[in-house]
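**Q** Need coordinates for the below:
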Amino acid sequence: METTNAALENALQPKTHLTGKVIKTTIAGAIVDIGQKVPGVIHISQLQKNTVNRVEEIVKVGQEVSVWVRRVHDDRVELTMVEPLSLEWRELKPDMIVKGKVSRLEPYGVFLEIGSERPGLVHVSEISHEYVKNPSDILKEGDEVEAKILEVDRRKKQIRLSIKAATPKPEEVVEEEKKTETHKSRSGKKSKKQEDSVIEQEISTPELTAFQIAFQKAQDRAVGKKSPTKGKKTKSNIKEEQEEIFNRTLENRITTG
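**A** The predicted structure follows:
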């Protein structure tokens, strides 16, 4: 029996949503078939949020109902037709990040529905890292935002939240962007060097003048006319040939000029 109960508890955790069929009604509530070996039981106080005088006013035998698990016992499963809160008071902790919907705007802040018994309050100073004069300048009813729980006062039923505490500071965003840019710059560093090298070569290689072109052609012709000789030319021979070609080219330029 203990093994069966443990398996049932694992399968039916609190707040588990189920669909069942009413098989019996009593003065105290209703019995529902939820497809388990043990029946589901709904107390009359759990049929709806408002007070119920007679069970038959809300449910009837054979009716399919939407229910949620409250507790699991050896011989029954306690159910409720009132949708449970997403966050119970005992589940609310400081520094917890929650999602909420703006339900009301006031000059001093905004109220967020976060699935708890009471909405949480975000003071105007906790909306943004920048100065906010009026909450309506930043938010409107129905907006969904994330917030961090700052404080939970169960006795007063108050929840203090902060939207700015759940978002990075502007300088942190800028720093992250800088890191991204640095990474991109490093990844493209090689190609940038190659581009600079090409540009440098283009700048360092001057265009030849008409005189230099004529000199180069004359040198090529002179080299072509000479018959090949055995061995390597000496530096003095090469220099003499260049001077001879230079003088010849200069004379031609003077004559033609």
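**Q** How is this structure partitioned into domains?
**A** Here the domain parsing of the chain from automatic domain parsing is 2-80, 89-166.
**Q** Out of these, name the one with the poorest average pLDDT.
**A** Among those, domain 2-80 carries the lowest mean pLDDT, a mean of 91.
**Q** ok, back up a step: let's have the domains of the chain in CSV, adding mean neighbour count and distance to E244.
**A** Where C-beta positions appear, they are placed from N, C-alpha and C, glycine not excepted. Formatted as CSV, the domains of the chain follow (neighbours: other CB atoms under 10 Å; distance: least, CB to CB, whole Å):
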stretch, mean neighbour count, distance to E244
domain 2-80, 15, 104
domain 89-166, 16, 82
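**Q** so which strand or helix has K37?
**A** Here K37, judged by DSSP states H and E, is contained in no helix and no strand.
**Q** From K24, how far out is it?
**A** Counting by CB to CB, to the nearest Å, the gap from K37 to K24 is 17 Å.
**Q** And L92, by the same measure?
**A** Taking CB to CB, one finds L92 at 38 Å from K24.
**Q** likewise D74?
**A** Distance from D74 to K24, by CB to CB: 20 Å.
**Q** Kindly report the same for N10.
**A** Counting by CB to CB, the gap from N10 to K24 is 27 Å.
**Q** can you check P168 too?
**A** 57 Å.
**Q** Same check on T80?
**A** Counting by CB to CB - T80 and K24 are separated by 17 Å.
**Q** ok, now L150?
**A** Taken as CB to CB, the span from L150 to K24 is 48 Å.
**Q** isn't V59 right up against V65?
**A** Yes - using CB atoms under 8 Å, V59 is in contact with V65, at 6.0 Å.
**Q** Please enumerate the shared neighbours of these two.
**A** 22, 42, 81 (CB atoms under 8 Å, 6 or more residues apart in numbering).
**Q** Thanks a lot, see you next time.
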